[in-house]
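Undergrad: Sequence and predicted structure below; questions after.
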Amino acid sequence: MAEVSQKLYKKMEDDGWNAETAAKKLKVSRASFYNYLNQNDLPRFEILKRAHDLWGIKFKYVDFGAQRKSSSPSETDQPRQYVLPFIESVRENDIEIIQAKPVKPDTLQLTVNIKFAG
């Protein structure tokens, strides 16, 4: 997180941008961008790749070259989550949401009860 923060600060300084401008160019929310700057959160791979592609930023522990050999899913293609056989029989009325709590602007924590036997 320290490396990402340092490189984002340097990019902003070199180009004379404020955090809002840099966040827009990186296509992330201003709050997320501040979290990266303040080392409270690490960007997802797609965001690091975007910074690499747009601005030429290289990160010590991320090898973007290795990703070219095997195509990684784009941001629109999400990895497929395979359904386990016992989950296939679960109906909508077998699921009860006990609690929903926002934990981040883009994250919701759910507590659910699921009946597997009908």
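TA: In hand now; what should we look at?
Undergrad: Which helix or strand in the protein has the lowest average pLDDT?
TA: One helix or strand of the chain scores below all others by mean pLDDT, DSSP states H and E: helix 64-69, with a mean of 54.
Undergrad: So Pro102 belongs to a strand, correct?
TA: Yes: under DSSP: H, G, I helix; E, B strand; the rest coil, Pro102 sits within a strand.
Undergrad: The nearest residue to it once chain neighbours are set aside: neighbour count?
TA: Closest residue to Pro102 apart from its sequence neighbours, by Cβ to Cβ, 6 or more residues apart in numbering: Leu108 at 5.7 Å. (Each C-beta comes from the backbone N, C-alpha and C, glycine too.) Per other Cβ atoms under 10 Å, the neighbour tally for Leu108 reads 9.
Undergrad: in terms of contact, does Leu108 touch Ala100 like I think?
TA: Yes: using Cβ atoms under 8 Å, Leu108 is in contact with Ala100, at 6.0 Å.
Undergrad: Quick one, grab the pLDDT at Arg91.
TA: Arg91 is assigned 82 on the pLDDT scale.
Undergrad: ditto for Pro102
TA: Looking at Pro102, the pLDDT reads 85.
Undergrad: which helices and strands sit right next to the longest helix anywhere in the chain?
TA: Ranked by residue count and defined by DSSP state H, the top helix of the chain is helix 2-15. Where contact means 3 or more Cβ pairs under 8 Å, 6 or more residues apart in numbering; DSSP states H and E, helix 2-15 is packed against helix 19-26, helix 30-37, helix 45-55.
Undergrad: Tell me the buried residues in the longest one?
TA: Right, the one you point to is helix 45-55. Ile47, Leu48, Lys49, Arg50, Ala51, Trp55 (16 or more other Cβ atoms under 10 Å).
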